[in-house]
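1. fold the following and give me the result.
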Amino acid sequence: MTVAAPAGSGLLAHVAVGEPEFENRITESLLAVEKRLLDCVASAPDPRVAELTGHLAAAGGKRLRPLLVLLGAEFGEPFRDGVTEAAVIAEIVHISSLYHDDVMDGATMRHGVPSVNARWGERLAVAGGNWLLARAAQLASRLGAQAVRFNAEVASRLVAGQLGELTGPAPDEDPVEHFFQVTEGKTAALFSMSTAIGALQAGAPAGCQDALTEYGNQLGVAFQISDDLLDLAAPAALTGKEQGKDLWAGVASLPVLLAQEDTSPGGAELRALLADGPVEGAEARRRALELFRASPAPARAQAHLYRRLDRARAALELLPPCPARRVLDALCGYVALRTG
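-> From the prediction side, this is the model:
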């Protein structure tokens, strides 16, 4: 199945299952989610606020988290009330985190358009992200206590992950281990919530919910590593972000941390370039990317990515065979192929 992002900004996923009825159902559900999403994020009474809060949703995106919700629902009764709303909640929480992330990173582009902070300033970007997080909580309150708990937990883990990224590791803490702790909050929490809340709203058995939670957590960590590698290797036309931005800004992504562990002369030179904060100047930035690509770090990061995908696939073995399980397995392949 190939599902184009309903917002028209690229492909959401490429998965082949050979099940036309299933494919049509997922496609129609994604379109319903998209319509509801755009209504929800731009529902502020003040049109100026509505433009700000709807900015990134209108720009598109992979819509991977709503897809995970819908796939999780396939292990129960996918047409139950609340499944579409749960998918919308997952994407709104994700978009709210992007508003905050772009402020933290000083990003100027997102999804191929100016970031919210670049267009409206940091104060309005943070306020807009907060509004979206509150909107998601409002929607969750209509789905019942368990959905409220899921939403509260993921919001808490997201904020804890963002704070951990800002504070960095403690003096006696391994930076790589700290990265994984941050990532399990900042990224993986929403993946696991997405698969689990879909199963919950569809009335799937508890065992399926547990397996989907583990799958989402492992896929989320792998996805973050993949994103970090793309930042350092893919052109802006593909990612919608400036190439190498995380490296130059000093973001402690896994590939950058692994590159800094390199004991070769190139590793020492890269550490020196990154030692004084954000890398300034075109030549210094070009050299930093060159040193990174020549280091063992990309291959080591890929190895971590593949281990996480293996764990995600192991969790899928606990689920009954069905088209949704095959799509979830194919998504592991999609994450691996994003970075070649």
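2. wait, a helix at residue 223?
-> Yes - under DSSP: H, G, I helix; E, B strand; the rest coil, residue 223 falls within a helix.
3. skipping adjacent residues, who's closest to it in space?
-> residue 335 (5.4 Å; Cβ to Cβ, 6 or more residues apart in numbering). C-beta: built from backbone N, CA, C; applies to glycine.
4. just the C-alpha atoms of the strand or helix carrying that neighbour, please, in CSV.
-> In the assignment (DSSP states H and E), residue 335 maps to helix 323-338. In CSV, the C-alpha atoms belonging to helix 323-338 read as follows (Å, rounded to 0.1, in the frame of the first residue of the first chain):
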residue,chain,number,x,y,z
PRO,A,323,-2.7,-7.0,7.3
ALA,A,324,-2.0,-4.4,10.0
ARG,A,325,0.8,-6.5,11.5
ARG,A,326,2.4,-6.8,8.1
VAL,A,327,2.2,-3.0,7.6
LEU,A,328,3.8,-2.5,11.0
ASP,A,329,6.6,-4.8,10.0
ALA,A,330,6.9,-3.0,6.7
LEU,A,331,7.2,0.3,8.6
CYS,A,332,10.4,-1.1,10.2
GLY,A,333,11.8,-1.5,6.7
TYR,A,334,10.7,2.0,5.8
VAL,A,335,12.6,3.4,8.8
ALA,A,336,15.7,1.5,7.9
LEU,A,337,15.5,2.5,4.2
ARG,A,338,15.2,6.2,5.0
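5. same for that helix, what does it pack against?
-> strand 11-14, helix 20-41, helix 64-73, helix 206-233, helix 297-316 (3 or more Cβ pairs under 8 Å, 6 or more residues apart in numbering; DSSP states H and E).
6. what's the least confident stretch among the ones you listed?
-> In terms of average pLDDT, strand 11-14 trails the rest of the helices and strands packed on helix 323-338, at a mean of 46.
7. can you tell me the centre-most residue of this structure?
-> residue 187 (5.3 Å; Cα atoms, centre = their mean).
8. pLDDT weak spots in this protein?
-> 1-17, 234-243, 340 (pLDDT under 70).
9. quick one: furthest residue from the center of it?
-> residue 265 (34.2 Å).
10. need the contact list for that residue.
-> Residue 265 makes no contacts at all, as judged by Cβ atoms under 8 Å, 6 or more residues apart in numbering.
11. roughly how far does it sit from residue 258?
-> Distance, residue 265 to residue 258, by Cβ to Cβ, to the nearest Å: 17 Å.
12. residue 25 too?
-> With Cβ to Cβ as the criterion, residue 25 and residue 258 are 42 Å apart.
13. ok, these two, which is more surrounded?
-> residue 258 (23 against 16; other Cβ atoms under 10 Å).
14. isn't the more buried one right next to residue 175, touching?
-> No - shown here, residue 258 and residue 175 do not form a contact pair, counting by Cβ atoms under 8 Å, at 9.7 Å.
15. pull out the buried residues from stretch 33-40.
-> Within stretch 33-40, the residues that count as buried by 16 or more other Cβ atoms under 10 Å are 33, 34, 36, 37, 38, 40.
16. can you list contacts of that stretch?
-> 6-7, 54, 57-58, 63, 66, 70, 84-85, 87-88, 91-92, 135, 139.
17. just how off-centre is that stretch within its chain?
-> Offset of stretch 33-40 from its chain centre (Cα atoms, centre = their mean, to the nearest Å): 19 Å.
18. go on, stretch 114-134?
-> Distance, centroid of stretch 114-134 to centroid of chain: 18 Å (Cα atoms, centre = their mean).
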